[in-house]
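Peer 1: 3D, please:
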Amino acid sequence: MAEHIKPYSEEEEKKGQISKMFNNIAPYYDLLNRVLSLRMDVTWRRKGIATLKELQPKVILDMATGTADVALEIAKQLDPEKIIGMDISTEMLEVGRKKIKKQNLEGLIQLQEGDSENLPFQDNTFDAVTVAFGVRNYQNLKKGMLEMNRVLKPGGKIMILEFSQPTMFPFKQLYGFYFKYILPFVGKFTSKDPKAYKYLYESVQAFPNGKDFVKVMESTGYKFNECVPLTLGICSIYTGIK
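Peer 2: Have a look, this model is predicted:
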């Protein structure tokens, strides 16, 4: 399981290491995302948020919000009344706040530091919960999934965007080489944290993608779960209803 994969030390708990890693790469995060994904990450987020349009959620929680790309896309696509973005990295949140201020959305989007396993919200608070490229970083995946379920309103929807593993030959082999060797090499010299993008590869390999993650969703209380692969399986959109 990805929760056993850590960026730095086997001894230290994963939460602290994830916070440290994202604090280190925060200034370079957005640029590297765009370059290393060939801007596909923008399309993936857009498609993920589009799955919420039919529900028309008004109060939305964006977990692992990072630099607020998903929160900003929610504001752009939907007509929400309130968006709360939560992340464990203070430096990522600071980058996000600057982006929100630049778009004059401070009255709509609120960012706060927090722990995915101990959410400071009452039961049945949110119409929708989103997570983009964050659940594989949870220290305890099932506990985090249960917490998000707890704060969702009955009938509320969860949308999870996460890396997955392509299966089609020869794309699987070509992408695997890029992901394992090229991406960490570039990340090493541009993010100034050589272990961050090595961790990215390792955590994706260990994550229960596709049908296996749908089973995790089922076991933590979500219904009508779906998995939609994107870009030949590089990424997947997972949705479920409480």
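Peer 1: where does the chain have low pLDDT?
Peer 2: For the chain, applying pLDDT under 70 flags the ranges 1-3, 7, 9-11, 187, 190-191.
Peer 1: after the helix ranked longest in it, which helix or strand is next?
Peer 2: Secondary structure of the chain per DSSP state H: the longest helix is helix 14-36. Following helix 14-36 in sequence order, the next helix or strand is helix 40-50 (DSSP states H and E).
Peer 1: helices or strands next to the next helix or strand after that following helix in the packing?
Peer 2: Where DSSP H and E defines the elements, the next helix or strand beyond helix 40-50 is strand 59-63. The contact analysis (3 or more CB pairs under 8 Å, 6 or more residues apart in numbering; DSSP states H and E) places strand 59-63 against helix 69-77, strand 82-87, strand 126-132, helix 141-151. Every residue, glycine included, has its C-beta placed from N, CA and C.
Peer 1: to Val228, which of the ones you listed lies closest?
Peer 2: Closest approach to Val228 among those is made by strand 126-132 (14.2 Å; CB to CB).
Peer 1: what residues of the closest one count as buried?
Peer 2: For strand 126-132, burial by neighbour count (16 or more other CB atoms under 10 Å) applies to 126-132.
Peer 1: which helices and strands sit right next to it?
Peer 2: Looks like strand 126-132 contacts helix 40-50, strand 59-63, helix 69-77, helix 141-151, strand 152-163 (3+ CB pairs under 8 Å, 6+ apart).
Peer 1: can you list the strands that it pairs with?
Peer 2: Under the criterion DSSP bridges, strand 126-132 sits next to strand 59-63 (parallel), strand 152-163 (parallel) in its sheet.
Peer 1: most packed of the helices and strands packed on strand 126-132?
Peer 2: Of the helices and strands packed on strand 126-132, the one with the most neighbours on average (mean count of other CB atoms under 10 Å) is strand 59-63, at a mean of 25.
Peer 1: contact partners of that one?
Peer 2: 52, 68, 70-71, 74, 78, 80-87, 116, 119, 121, 125-132, 134, 144, 148, 151 (CB atoms under 8 Å, 6 or more residues apart in numbering).
Peer 1: equivalent analysis for stretch 162-177, please.
Peer 2: Residues contacting stretch 162-177 (CB under 8 Å, 6+ apart): 131-136, 200, 204-205, 207, 209-210, 213, 229, 232-236, 238.
Peer 1: go through that stretch and flag the buried ones.
Peer 2: For stretch 162-177, by 16+ other CB under 10 Å, it's 162-166, 175.
Peer 1: make a ChimeraX selection of the buried ones in the contacts of stretch 162-177.
Peer 2: A single ChimeraX command selects the buried members of the contacts of stretch 162-177 (16+ other CB under 10 Å):
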select :131,132,133,134,135,136,200,204,205,207,209,210,213,229,233,234,235,236,238
